[in-house]
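Trainee: when you get a sec, could you give me coordinates for this:
(5 chains)
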Amino acid sequence: MADGSKSGTRGLPKGASTSGGFDVLTVIGLLLAVVAIVVGAILKGAGIKALGSRAAFMIVVVGTFAAIFVQTSLPVLQHAFKIAKWIVRPPVHDAESLIAKMVRWSNVSRKQGLLGLESFISREPDPFVKKGLQLVVDGSEPEVIRGILEVELDTREHADIAGAKVFEGMGVYSPTLGIIGAVLGLMAVMQNLNDPSKLGIGIAAAFTATVYGIGLANLVFLPMSAKLKGAIAAQSQIREMVIAGLISIAQGENPRALEAKLQSYLTP
Amino acid sequence: MADGSKSGTRGLPKGASTSGGFDVLTVIGLLLAVVAIVVGAILKGAGIKALGSRAAFMIVVVGTFAAIFVQTSLPVLQHAFKIAKWIVRPPVHDAESLIAKMVRWSNVSRKQGLLGLESFISREPDPFVKKGLQLVVDGSEPEVIRGILEVELDTREHADIAGAKVFEGMGVYSPTLGIIGAVLGLMAVMQNLNDPSKLGIGIAAAFTATVYGIGLANLVFLPMSAKLKGAIAAQSQIREMVIAGLISIAQGENPRALEAKLQSYLTP
Amino acid sequence: MADGSKSGTRGLPKGASTSGGFDVLTVIGLLLAVVAIVVGAILKGAGIKALGSRAAFMIVVVGTFAAIFVQTSLPVLQHAFKIAKWIVRPPVHDAESLIAKMVRWSNVSRKQGLLGLESFISREPDPFVKKGLQLVVDGSEPEVIRGILEVELDTREHADIAGAKVFEGMGVYSPTLGIIGAVLGLMAVMQNLNDPSKLGIGIAAAFTATVYGIGLANLVFLPMSAKLKGAIAAQSQIREMVIAGLISIAQGENPRALEAKLQSYLTP
Amino acid sequence: MADGSKSGTRGLPKGASTSGGFDVLTVIGLLLAVVAIVVGAILKGAGIKALGSRAAFMIVVVGTFAAIFVQTSLPVLQHAFKIAKWIVRPPVHDAESLIAKMVRWSNVSRKQGLLGLESFISREPDPFVKKGLQLVVDGSEPEVIRGILEVELDTREHADIAGAKVFEGMGVYSPTLGIIGAVLGLMAVMQNLNDPSKLGIGIAAAFTATVYGIGLANLVFLPMSAKLKGAIAAQSQIREMVIAGLISIAQGENPRALEAKLQSYLTP
Amino acid sequence: MADGSKSGTRGLPKGASTSGGFDVLTVIGLLLAVVAIVVGAILKGAGIKALGSRAAFMIVVVGTFAAIFVQTSLPVLQHAFKIAKWIVRPPVHDAESLIAKMVRWSNVSRKQGLLGLESFISREPDPFVKKGLQLVVDGSEPEVIRGILEVELDTREHADIAGAKVFEGMGVYSPTLGIIGAVLGLMAVMQNLNDPSKLGIGIAAAFTATVYGIGLANLVFLPMSAKLKGAIAAQSQIREMVIAGLISIAQGENPRALEAKLQSYLTP
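Mentor: Okay, the predicted model is just below:
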């Protein structure tokens, strides 16, 4: 999982946002996960009822939250829950129309000067692009524009990744807490070996915590963290493209060269 | 596995493409894998029939897809399945004939100027080389050529690696889902301890999920991901060589120096 | 856990210090951890008494300290215990008022020259900022200021991270020592197989060490180490912002540009 | 193991090649490994015969090759087996006589000009040094010499490391295949629980695959991969020293400074 | 453990060497480790005698040496045993008196020129500082001084880390060999299931190898490797400070600026 941070969409697929930005795959995946465990439990003969356990919930779910509370600061935790929705609604970025917009700005600035772009600032919805465009219109040096926007990109990316790592942390802690649950269950069983009739059921119950821990980690927390990292990487690459585009505009490069350069950020 | 991304062919073996680009080793490996498990199961006395299990399939295979659906965005998943064929048909690159071609271009450009290369653009099949050659013919500055082509290389490499990581992710999830399958199976067994005659068969069935999970991960998903990363690394190195060559041509370096430089990208 | 060092607040949340710098989440988390284990043990039927064990304490807790004593030098160990309090009281940094202060200094220096800042040096409480301001007032070259302050930032960050890694090390060693405890317990049980009545209780006692080891690691040591790393990362980013600000002042940049630049270090 | 690539001899021990380049330690290690397992098996009472198993061989050894065939391309696999001999005969490099040679060249070139080195080219056995010397005699710019030789060093190092990673991969796959073997064996045992007399022997046989898998990984494949990486690192450092030396010669630095510089590459 | 290399004292604690450079913590840690295991074994009821086992010694200890012999080259192994003493006697560096010395040299060189430092060369005990001072007195360019000393620092650091990694390798191999020992022991037990009276004792003996393997790794090898890496990191930072100081002197910087710069390498 360590380098899961690179598993995202670095190349921007053309037209990726046509589905309106709703990630139906996440929903299908989560449903399939429930199906796999429940149907699997029935086929194996363990039954669905065996999957319900207050003790396992207490140890694995409450324990995982306990660990993540100790691990994370409040602002990071809040940010994590704020960006959690990206697993179904990632931040929408239509790379191609963004390129088209920057080519238009490039044309305007070559005809009317950088000040000609002033009217576009208030119309720009994305605060990152807006701040960059403001810097261009202010006539800041390209180096200064790059410096400020890269710090901003970096700051946001790190804050978002800290959020995604909250779920990764949950995926690291829940299986080990599942083991604690199993061990505590086995301890209970062993203390009552004199009643062998309860042995099997006791062991079965003990293992429920393992299923909770490994299942939550591998079907929810870790994949969720990876999807968030993918969305964060896609967002950062869009912003790198924006920085490259705005600096080209500030340097008065010709619009055709600008477009060729920005097209390199799209996967073919 | 974390740094498996470096296990590929960074050095380009001379004449590596003479086998027509078909990777027969993958096919042999997959066949051998089946043989090892099936013959092993027979020799161990477990038999082949023990390896068939709907429950194990449901938990391990469906569960792995569930996890990977939550983890990956649709465009990345599609790209992963698109490049999956590279495990038997890696993108063909004949490094030596590419060097010969660039030496030829270098000679032409020194005699007829960069514009003399214009007729080669339309004949070039590889879109990456084509785009680079276009930039050279347009008389772009070497720095600009390098900048654009490196962004393009980087974008493609990251998109391809995101695809390869889909299979790595499947290799990470399937063994843990195999453990869930085994645990659910053991739970079923333990609930029926009163019928000891079924005990052994139940435990045997429980372990099938482990064999599925570990086997798929270690004989299919992880090696497959590593082979893809090898192909991606080889492709990136070819492109680094192309960038170095095109920039030499744009700078009007002498063809013999160009050849010496490009030869350094080949393993002896 | 390997890259846990990046799980911290790199982006500085606005107004994060309003809670007076007390991290109530850590306290809630530690309480919840006790609740999860104790209530879980009761629900599972293992009981609380099963959790008390001198042998498990000796092997896991004493053993973990033994390992960490061999691993760490005395000054690092002392520093680790000194910064341990950051899990409830992280170093307070009000990024916004720091930006306001640097904007004020920027205004003063443009009106009265860098020497006009001299009176602010003695009033500055943070020794890092103080040293930097002294360098600015001394008229040091921006490159020299950056060099000295970055070495200082780096030195402090590495010393603090070495402290945080003490707890990470404890989180790595305690589960393995828990396994040693379990194995020693099982060995004791196995030597006395002739008295089956004690079998179950013996095995139950054997597992206590596992609960100690995994519990301490995943509910205390590892999350604690991660929270420290988060606090360290936040502190380093504040200092990077201070360096950027002081260099702007030394270069006589205009206060509005300074503020725009420093705002980039805050998460929106 | 992840960063095992750095476990090699980066510092070049003086006179390390006096043993004629034969690495007797590898042979002693492999013999000791056999002794440890066989004598250990006898002392434990398991006996040597228990270690022979066609099923374990089929699953672990054939399975490991299956995995590595899927993982690796044919040229990389061939290169891996070609450099495998380095575990007993690493590429010989006498760093000190190489320094002496370069000091001699430095003296010659200061007296007779760079062309005076021409006669040394054909006498140089190492193709890397030869290519570099040719570039120096051709009067290439130091930057060009560095560029070409560093690409060459890098290409070779990556190809060699890809070879070493083949054995690392085998060391990753063989223990997991050992687990598959054990599970298949246990499944066979469980299916025949009605014949308890065969239970113990069956379980014992099942574990043989575990011994094969963990033993091959930890006593052969992983250490072998690490030794290869050490040899590769030593070779790369020699080549970095050669690059530094040749560039000094091309720049006409004085031979005493050259020697001081190159001595820094030797461990004292 | 992967990034244990950063767990050392990067910041140099003031006056850290006052204890005469003897690391009493290592001795206490090793004693505590023995106490934890022995007292723990007694409290658990396993007894001390159960911890003695020739078979476990043969498999775990001899096996670990076998693996490390295959893994490491002779010069690296010798260096590892040479620096092993650093766990109780780390190389002494009094950072503060070193700063004082360099400030003195700075004063001398500003009054008498760089040649005035010549008499200090022969009196300098540390060969690294000596070599650097010689370069300064020779009037070498700052860039050249930095180049040579950084190669030297790097070479030494890599050689030392290769030594520390020998113990890390032992810590990786010994637990897996402990598992082999346990499996071989269980195989012996299973072959003799017909004599149940020996069952328990056999299993107990089987587990001894696990205790050896995990105990040696986590209480000796891995912590020892980490302590060595800490000492190496501290040494490298001292040398980075020396390089910064000598270059300042060579550039004729003023002694007060020199002192301010070097103080940044000390933790407050």
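
Trainee: going forward, measure contacts between C-alpha atoms and count neighbours the same way
Mentor: Will do.

Trainee: does the helix or strand hosting A:Thr176 reach chain E?
Mentor: Assigned by DSSP states H and E, A:Thr176 belongs to helix A:142-191. No: residues of helix A:142-191 are not located near chain E by Cα under 8 Å from any Cα of the partner chain, the shortest gap being 15.5 Å.

Trainee: just checking, next helix/strand downstream of that helix?
Mentor: Taking DSSP H and E, what comes next after helix A:142-191 is helix A:199-216.

Trainee: contacting residues around that next one?
Mentor: The contact list for helix A:199-216 (Cα atoms under 8 Å, 6 or more residues apart in numbering or on different chains) reads A:50-53, A:55-57, A:59-60, A:171, A:174-179, A:181-186, A:188-189, A:192-193, B:176-177, B:180, B:183-184, B:186-193, C:44.

Trainee: quick check: mean pLDDT of stretch A:98-106?
Mentor: Computed over stretch A:98-106, the mean pLDDT rounds to 95.

Trainee: quick one: the helices in the stretch 1-150 of chain A, in order.
Mentor: A:24-44, A:54-56, A:63-71, A:74-83, A:95-112, A:118-123, A:127-137, A:142-191 (DSSP state H, counting those that start in this stretch).

Trainee: pLDDT below threshold where in the stretch 1-150 of chain A?
Mentor: A:1-20 (pLDDT under 70).

Trainee: those residues of it touching chain C, which are they?
Mentor: Checking the stretch 1-150 of chain A against chain C by Cα under 8 Å from any Cα, the hits are A:2, A:54-56, A:58-60, A:62-63, A:65-76, A:148-149.

Trainee: ok, the stretch 151-268 of chain A next?
Mentor: Counting by Cα under 8 Å from any Cα, the stretch 151-268 of chain A sits next to chain C at A:151-152, A:155-156, A:158-159, A:161-163, A:165-166, A:173, A:176-177, A:180-181, A:183-194, A:206.

Trainee: now, of the residues you listed, which are buried?
Mentor: A:151-152, A:155-156, A:158-159, A:161-163, A:165-166, A:173, A:176-177, A:180-181, A:183-193, A:206 (16 or more other Cα atoms under 10 Å in any protein chain shown).

Trainee: name the residue closest to the centre of chain A, please.
Mentor: Nearest residue to the geometric centre of chain A (Cα atoms, centre = their mean): A:Leu228, 0.8 Å.

Trainee: does that residue touch A:Val166 like I think?
Mentor: No: A:Leu228 is beyond contact range of A:Val166, at 10.8 Å (criterion: Cα atoms under 8 Å).

Trainee: now A:Ile37: closest residue in space that isn't a chain neighbour?
Mentor: B:Ile59 (6.0 Å; Cα to Cα, 6 or more residues apart in numbering or on different chains).

Trainee: next up, the contacts around that neighbour.
Mentor: If you count contacts by Cα under 8 Å, 6+ apart, then B:Ile59 has A:36-37, A:39-40, B:177-178, B:180-181, B:209 around it.

Trainee: which one of the residues you listed is nearest chain C?
Mentor: Closest to chain C out of those is B:Ile180 (19.9 Å), distances taken as Cα to the nearest Cα.

Trainee: quick one: residues contacting that closest one.
Mentor: Applying Cα under 8 Å, 6+ apart, the residues near B:Ile180 are A:210-211, A:214-215, B:59.

Trainee: and with 7 Å instead?
Mentor: Contact analysis of B:Ile180 by Cα atoms under 7 Å, 6 or more residues apart in numbering or on different chains lists A:Val211.

Trainee: residue in the stretch 51-200 of chain A nearest to chain D?
Mentor: Nearest residue of the stretch 51-200 of chain A to chain D: A:Gly200, at 17.0 Å (Cα to the nearest Cα).

Trainee: just the pLDDT for the nearest residue to that residue once chain neighbours are set aside.
Mentor: Leaving aside its chain neighbours, A:Gly200 sits nearest to B:Met190 (4.1 Å; criterion: Cα to Cα, 6+ apart). Here, the pLDDT recorded for B:Met190 equals 81.

Trainee: which residues touch B:Met190?
Mentor: A:200-201, A:203-204.

Trainee: and it, how close does it get to B:Lys198?
Mentor: Separation of B:Met190 from B:Lys198 (Cα to Cα, to the nearest Å): 10 Å.

Trainee: got the contact list for the residue of the stretch 51-200 of chain A found nearest chain E?
Mentor: Closest contact between the stretch 51-200 of chain A and chain E, by Cα to the nearest Cα, is at A:Met187 (15.5 Å). When contacts are counted by Cα under 7 Å, 6+ apart, A:Met187 is found next to C:46, C:204, C:207.

Trainee: what about 6 Å?
Mentor: Counting by Cα atoms under 6 Å, 6 or more residues apart in numbering or on different chains, A:Met187 makes contact with C:46, C:204.

Trainee: pLDDT score assigned to it?
Mentor: On the pLDDT scale, A:Met187 gets 87.

Trainee: A:Gly171 contacts A:Ala217, doesn't it?
Mentor: Yes: counting by Cα atoms under 6 Å, A:Gly171 touches A:Ala217, with 4.1 Å between them.

Trainee: the spatially closest residue to A:Ala66 that is not a sequence neighbour: neighbour count?
Mentor: Distances taken as Cα to Cα, 6+ apart put C:Gly29 closest to A:Ala66, at 4.1 Å, once the chain neighbours are dropped. When counting by other Cα atoms under 10 Å in any protein chain shown, one arrives at 25 neighbours for C:Gly29.

Trainee: tell me how far C:Gly29 lies from chain B.
Mentor: Note on C:Gly29: its distance to chain B, by Cα to the nearest Cα, to the nearest Å, is 27 Å.

Trainee: can you pull the contacts of that residue?
Mentor: Taking Cα under 6 Å, 6+ apart, one finds A:66, A:69-70 in contact with C:Gly29.

Trainee: can you list contacts of stretch A:125-132?
Mentor: Stretch A:125-132 is contacted from outside by A:121, A:124, using Cα under 6 Å, 6+ apart.

Trainee: change it to 8 Å
Mentor: Contacts for stretch A:125-132 (Cα under 8 Å, 6+ apart): A:121-122, A:124, A:145, A:149, A:239, A:242-243, A:246.

Trainee: which of these count as buried?
Mentor: Buried among those (16+ other Cα under 10 Å): A:121, A:145, A:149, A:239, A:242-243, A:246.

Trainee: most widely separated two among those residues?
Mentor: A:Ile121 and A:Arg239 (16.6 Å; Cα to Cα).

Trainee: burial count for A:Asp126?
Mentor: 9.

Trainee: the strand or helix carrying A:Gln237 to helix B:142-191, inter-axis angle?
Mentor: Per DSSP H and E, A:Gln237 falls inside helix A:222-250. Interaxial angle, helix A:222-250 versus helix B:142-191 (axes from the mean of the first three to the mean of the last three Cα atoms, to 10 degrees): 170 degrees.

Trainee: now the element after helix A:222-250, going C-ward?
Mentor: Following helix A:222-250 in sequence, per DSSP H and E, is helix A:255-263.

Trainee: parallel or antiparallel, list what pairs with the helix or strand following that following helix.
Mentor: Sequence-wise, the next helix or strand downstream of helix A:255-263 (DSSP H and E) is strand A:266-267. Here strand A:266-267 is paired, per DSSP bridges, with strand A:12-13 (parallel).

Trainee: what residue of chain A is the furthest out?
Mentor: A:Asn194 (50.5 Å).

Trainee: from chain B, how far off is the closest residue to it other than its chain neighbours?
Mentor: Leaving aside its chain neighbours, A:Asn194 sits nearest to C:Ser197 (7.7 Å; criterion: Cα to Cα, 6+ apart). According to Cα to the nearest Cα, C:Ser197 stands 20 Å off from chain B.

Trainee: thanks a lot, see you next time.
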